[in-house]
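*Asks:* got a sequence here, can you build the structure:
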Amino acid sequence: MSIQVNKVAKVYGQQRALNGVSFDIPGSDVVGFLGPNGAGKSTMMKIITCYIPPTEGSVHVCGLDVMKNSIEVRRQIGYLPEHNPLYLDMYVKEYLSFIGEIYKIPNLKKRVAEMIEQVGLGPESHKKIEALSKGYRQRVGLAQAMIHNPKVLILDEPTSGLDPNQLVEIRALIKEIGREKTVMLSTHIMQEVEAICNRTIIINKGNIVADKPTSELRSSIQSGGYELQVEFSGVISRSSLLKIKGVADAQEDGKNMWIISTNTSEDIRKDVAEMALQQQIAVLTMSKKEQRLEDIFKELTGAKEISTAE
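*Replies:* Below you'll find the predicted structure:
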């Protein structure tokens, strides 16, 4: 078991940041850890990485207790914080060698060369870190997090501020790393979760509100209903739409345009078309609005807004 979190609570004075949180990450995987600001996400990640202790409960990384074996746990973890703390006046190879010496890595020169190749730093490896772009600095951060070959990677907002090309490259790299290691990452970009995370854990107000394979998360909530956007060739009354079995609500969205909300997973598009035909009105367009992961996030956390910008 790579990460075991059992009934973890964290209290700061009168504030309870975590409230009996439990989850397991068994092996190599890429897991998205999501939550609005103040949900307890960062607190949980700091406990896993041995930066702060839990008030209650226990955390084990690779079978080691983070309280009793913190030094050994840190050897098993690679960590990339949100604000990547690099020594900007060092050269790339110099910096990675410095980190490698801290971990007392044998054959260090070879290992540095391997990491430079793995994260795609080759063309920039002769430069000082201060001369690198944000994308290449993130690659340096990933390289330092992996140089000691940890079994677990904790990545906090690993693609924040990257341009579209850099996003694709870093995401592909993280996904590849997840084939061999446990990767737990936090992000506010919902497309990122769908692109690279096999599993999604959502925390809100110190409690886990969802923990499912990412592919199942949307469908599990969508089973309760969906929305249709329909454009008719003429006037349709709201009462006519509400008579259709499975329609929970209908709201006008422009001239002869309607947003129809359902309380069923059954497909009602045929019934909508037949109702219109009975009134000698044609359906000009009809589209089923798929629920996005960001909608699910809002529904589970009550968040008013979440970033989808890339």
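
*Asks:* can you tell me the closest non-neighbouring residue to the residue in the chain sticking out farthest from the centre?
*Replies:* What lies farthest from the middle of the chain is residue 280; by CA atoms, centre = their mean that is 47.9 Å. Spatially, and ignoring its direct neighbours in sequence, residue 280 is nearest to residue 234 (8.0 Å; CB to CB, 6 or more residues apart in numbering). Glycine gets a C-beta too; all of them are placed from N, C-alpha and C.

*Asks:* which element is that neighbour on?
*Replies:* In the assignment (DSSP states H and E), residue 234 maps to no helix and no strand.

*Asks:* residues touching it, list them.
*Replies:* 256, 279, 280, 281, 282 (CB atoms under 8 Å, 6 or more residues apart in numbering).

*Asks:* including pLDDT, secondary structure and distance to residue 47, could the residues you listed go into CSV?
*Replies:* Converted to CSV, the contacts of residue 234 look like this (pLDDT from 0 to 100; DSSP: H, G, I helix; E, B strand; the rest coil; distance: CB to CB, whole Å):
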residue, pLDDT, secondary structure, distance to residue 47
256, 93, coil, 55
279, 94, coil, 61
280, 94, coil, 65
281, 95, coil, 60
282, 95, coil, 60
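
*Asks:* that older thread, for the residue farthest from the centre of the chain, give its distance to residue 250.
*Replies:* Residue 280 is 20 Å from residue 250, where distance means CB to CB, to the nearest Å.

*Asks:* now swap in residue 144 and tell me
*Replies:* Residue 144 is 55 Å from residue 250, by CB to CB.

*Asks:* check residue 228 too.
*Replies:* Residue 228 is 9 Å from residue 250, by CB to CB.

*Asks:* who touches both of these two?
*Replies:* Joint contacts of residue 228 and residue 250 (CB under 8 Å, 6+ apart) are 259, 260.

*Asks:* helices of the stretch 1-150 of the chain, start to end?
*Replies:* Secondary structure of the stretch 1-150 of the chain, counting by DSSP state H, counting those that start in this stretch: helices at 41-48, 70-76, 92-102, 108-118, 134-146.

*Asks:* any stretches of the chain with poor pLDDT?
*Replies:* In the predicted model, the chain carries pLDDT under 70 at residues 1, 161, 218-224, 290-295, 303-310.

*Asks:* pick out the residue closest to the middle of it.
*Replies:* residue 32 (3.5 Å).

*Asks:* now do the same contact list for residue 241.
*Replies:* 247, 250, 258, 260, 272, 275.

*Asks:* the same query, at a cut-off of 7 Å, please.
*Replies:* 247, 250, 258, 260 (CB atoms under 7 Å, 6 or more residues apart in numbering).

*Asks:* could you measure residue 91 against residue 130, distance?
*Replies:* Distance, residue 91 to residue 130, by CB to CB: 10 Å.

*Asks:* between these two, who's got more neighbours?
*Replies:* The neighbour count for residue 91 versus residue 130, taken as other CB atoms under 10 Å, is higher for residue 91 (16 against 12).

*Asks:* sorry, back to before: the contacts of residue 241: which two are farthest apart?
*Replies:* Spanning the widest gap among the contacts of residue 241 are 247 and 258, at 10.1 Å by CB to CB.

*Asks:* tell me how many other residues crowd the nearest residue to residue 282 once chain neighbours are set aside.
*Replies:* Leaving out its chain neighbours, the residue that sits closest to residue 282 by CB to CB, 6+ apart is residue 233, at 4.1 Å. By the criterion of other CB under 10 Å, residue 233 has 12 neighbours.
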